[in-house]
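J.: This is the structure alone, sequence omitted:
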C-alpha cells in the first residue's frame, strides 16, 4: 500500500458554495489558478451545475468561458464538476440526451472529471448518465452518499458500492454532505468498503458541520484511504471540508507522505484570505460539536435560509420546534438522505406542519411526488398512515400521471428558436432568457482581480462596524462619502463611486 496522500482540492466549488454562497468570481479564481497548477493536486473540484446557474444569474458571467479560462492555466490536474446523476436541474426535470450534450461540452471546455451522485444512492438510475460520461471521455467518479439512520448500515453501503462498480466508473467516493461521519463509524464503514473495492480507487469527502471530519479523515488514513477532499484554510471548516494545511501536517505525524507543494497551498490560502478581507466574505472557522445535528441532519446552508425566512415571518423562535419536527418527518418519509433536494423537501414540510399547527394539513407537490416514487426508490417505505393521506388527495391523482420528460438539444432549439448558441441553449436549461440576455449584456468576463485595489470597500465596511458613531463624513479630492445611522441602527451611505 502506498504511503502517499493525494488531495482533491475543493476550494473553488464546495468551499466556495459552503462558505461564500458561490460568490467567488472568475477573476478571483484565476488569481489563484497558477498556484493551483503548481500545487500537485490529484484533481480540482472546480464547479457544479448550481455554480453555472449562479454565475449567469448573479455574477453575469458565462460559466463556459470560466472553464475555458481556468483550463488554460490549470493543466497539471483535472478540473472537475459535480452533477446529479438523473437530472441537470433539481426543481425542473432535465434529463435524457441533453445530459450527453452537457458532457460533450464540458469536455470541450476543459472539464476532465465529473463526480455524479443520486440522492437516494439508486445506482441503476445513473446508468445513462454514466454512459454519457464514458462516451465523452471524461473521468467518472460515483458518490456513495452517506447518512446516519437505522437502515443505512455498513452492509447497505457495501451493497451500494457493488452497484456503483457496475457503472464502470474511474473512482468511487464516500460523500458525507452533512458531516455525519464519526471517528467510530469511520473505523467500521471505511474498512468494509475497502475490503469490497480492493485496489479500486476510493476517495473520502466530508464536511466539518459537526466538527469531527478532521478526526474522521485521520481514521480513514489509518485504515488505508489515500485520497481526500480538502479546501485551503480560508474556505475550510464550518460547513466546508477540512483544511488542507492542517490535514497534511497531521498525516505526516502518521508517517504518511504527500507530493502536494505546500508552499503553493500556503500562497493559495493567502490569496483567498485577501479576497475575503477585501470583499467582506467569511473565513472558515471550526465549529463546536452539536449532537442534535446527528438527529435533524439539516445541512448548514438550509438552516441559514430557514433562519432568514423565519425571521422575515417574525417566528424565528420556533426554529427548535421545526428541527424536532424535521426528525419526525424524515422518519415518516422513510429516512431520505438529507441532501439536495430531499433536505429542502423535509424541512419545508416540517416548517408548514409547525406553523399551521396541524401535521400534514398541507402537503407540497414535492413531498407527494417523493411518496409516489418520482425521486427513486427509498430504503424504507413511507409511513402507511401518511401514504394513505397522500393517496386520498385530489392533487395526487394529477401527479400519478407524471411522465419524466426526456430532453435533447433539438427540443430546446425548437422551444427557444434561432439565436442562442448551443452553449447558451444548455444554459437555458437552468436559467431564464432574461438572465441569459443580462449575462450577454455584461460583456466579457473580467479576468484580473486585485484585493489591494479595493481598499475603500474594506474601509467602508470597517466604518459601518462603528456602532458608537451616528454620522461619518469622508472627503478626499473629488470623492465624498457620508454615512448616517438611521433610527433602526442600520447604516445609510451616499457619495461618489470608488475610484
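T.: Structure's in. What do you need? Here the structure is a predicted model, which is why all the values come from computation and not from measurement. Numbers count the residues shown, from 1 in each chain.
J.: only C-alpha atoms for contact and neighbour calcs from this point on.
T.: Will do.
J.: What's the biggest helix in the chain, counting residues?
T.: Across the chain, the longest stretch assigned as helix under DSSP state H is helix 262-279.
J.: average pLDDT for the next helix or strand after that helix?
T.: As assigned by DSSP states H and E, the chain's next helix or strand after helix 262-279 is helix 293-296. Mean pLDDT, helix 293-296: 93.
J.: State the next helix or strand along the chain beyond helix 293-296.
T.: helix 300-313.
J.: Give the burial count for residue 48, as a bare number.
T.: Residues contacting residue 48 under the criterion other Cα atoms under 10 Å number 22.
J.: still on that earlier bit, which other residues reach the longest helix of the chain?
T.: 28, 31-32, 35-36, 38-39, 232-235, 244-245, 281-283, 451-452, 454-455, 457-458 (Cα atoms under 8 Å, 6 or more residues apart in numbering).
J.: Tell me the spacing between residue 104 and residue 143.
T.: Taking Cα to Cα, to the nearest Å as the measure, residue 104 falls 21 Å from residue 143.
J.: In this structure, what residue spans correspond to strands?
T.: 4-9, 43-48, 79-84, 111-117, 139-145, 171-176, 202-206, 227-230, 257-258, 471-476, 479-485, 491-495 (DSSP state E).
J.: what about the longest helix of the chain, distance to the chain center?
T.: Between the centre of helix 262-279 and the centre of its chain there are 21 Å (Cα atoms, centre = their mean, to the nearest Å).
J.: Can we start the residue count at 32 from this point?
T.: With 32 as the first residue, the last one maps to helix 293-310.
J.: relative orientation of that helix and strand 35-40 in degrees?
T.: On the basis of axes from the mean of the first three to the mean of the last three Cα atoms, to 10 degrees, helix 293-310 is oriented at 20 degrees to strand 35-40.
J.: May I see the buried residues of helix 293-310?
T.: 293, 295-310 (16 or more other Cα atoms under 10 Å).
J.: go on, stretch 371-389?
T.: Neighbour-count burial for stretch 371-389, counted by 16+ other Cα under 10 Å, picks out 373-385.
J.: do stretch 139-157 as well
T.: Under the neighbour-count criterion of 16+ other Cα under 10 Å, stretch 139-157 has 140-154, 156-157 buried.
J.: out of the strands of the chain, nearest to residue 396?
T.: Nearest of the strands of the chain to residue 396, taken as Cα to Cα: strand 110-115 at 20.7 Å.
J.: Direction included, what does that closest one pair against?
T.: strand 74-79 (parallel), strand 142-148 (parallel) (DSSP bridges).
J.: Can you tell me what sits against it?
T.: Outside strand 110-115, the residues that touch it by Cα under 8 Å, 6+ apart are 74-80, 102, 141-150.
J.: Could you check the angle that strand makes with strand 170-176?
T.: Using the same axes, to 10 degrees: strand 110-115 against strand 170-176 is 40 degrees.
J.: any idea of the mean pLDDT in strand 110-115?
T.: In this model, strand 110-115 carries a mean pLDDT of 93.
J.: same check, this time on stretch 452-466
T.: 93.
J.: What of stretch 425-442?
T.: Taken as a whole, stretch 425-442 has an average pLDDT of 87.
J.: Endpoint to endpoint, that stretch covers what distance?
T.: Termini of stretch 425-442 sit 31 Å apart (Cα to Cα).
J.: one step back: for ChimeraX, write the selection for the buried entries among the contacts of helix 293-310.
T.: Only the buried entries of the contacts of helix 293-310 go into this ChimeraX selection, using 16+ other Cα under 10 Å:
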select :59,62,63,66,67,69,70,263,264,265,266,275,276,312,314,482,485,489
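J.: my read: residue 185 touches residue 217, true?
T.: No. Between residue 185 and residue 217 there is no contact under Cα atoms under 8 Å: 10.0 Å.
J.: Please identify which of those two sits among more neighbours.
T.: The neighbour count for residue 185 versus residue 217, taken as other Cα under 10 Å, is higher for residue 217 (20 against 17).
J.: Does that one touch residue 251 like I think?
T.: Yes. At 6.4 Å, residue 217 and residue 251 qualify as touching, with contact defined as Cα under 8 Å.
J.: pLDDT value on residue 497, please?
T.: Confidence score, pLDDT, at residue 497: 60.
J.: just the one 10 residues further on next, same as before
T.: Here the pLDDT value assigned to residue 507 is 59.
J.: cool, and residue 335?
T.: So residue 335 comes in at 78 (pLDDT).
J.: cool, and residue 516?
T.: Predicted confidence (pLDDT) for residue 516: 67.
J.: what sits up against stretch 129-136?
T.: If you take Cα under 8 Å, 6+ apart as the criterion, stretch 129-136 is touched by 118, 119, 160, 163, 164, 167, 169, 438, 439, 440, 454, 457.
J.: Including distance to residue 337, could these go into JSON lines?
T.: JSON lines is the format used below for the contacts of stretch 129-136 (distance: Cα to Cα, whole Å):
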{"residue": "118", "distance to residue 337": "25"}
{"residue": "119", "distance to residue 337": "24"}
{"residue": "160", "distance to residue 337": "32"}
{"residue": "163", "distance to residue 337": "36"}
{"residue": "164", "distance to residue 337": "35"}
{"residue": "167", "distance to residue 337": "39"}
{"residue": "169", "distance to residue 337": "37"}
{"residue": "438", "distance to residue 337": "33"}
{"residue": "439", "distance to residue 337": "36"}
{"residue": "440", "distance to residue 337": "36"}
{"residue": "454", "distance to residue 337": "34"}
{"residue": "457", "distance to residue 337": "31"}
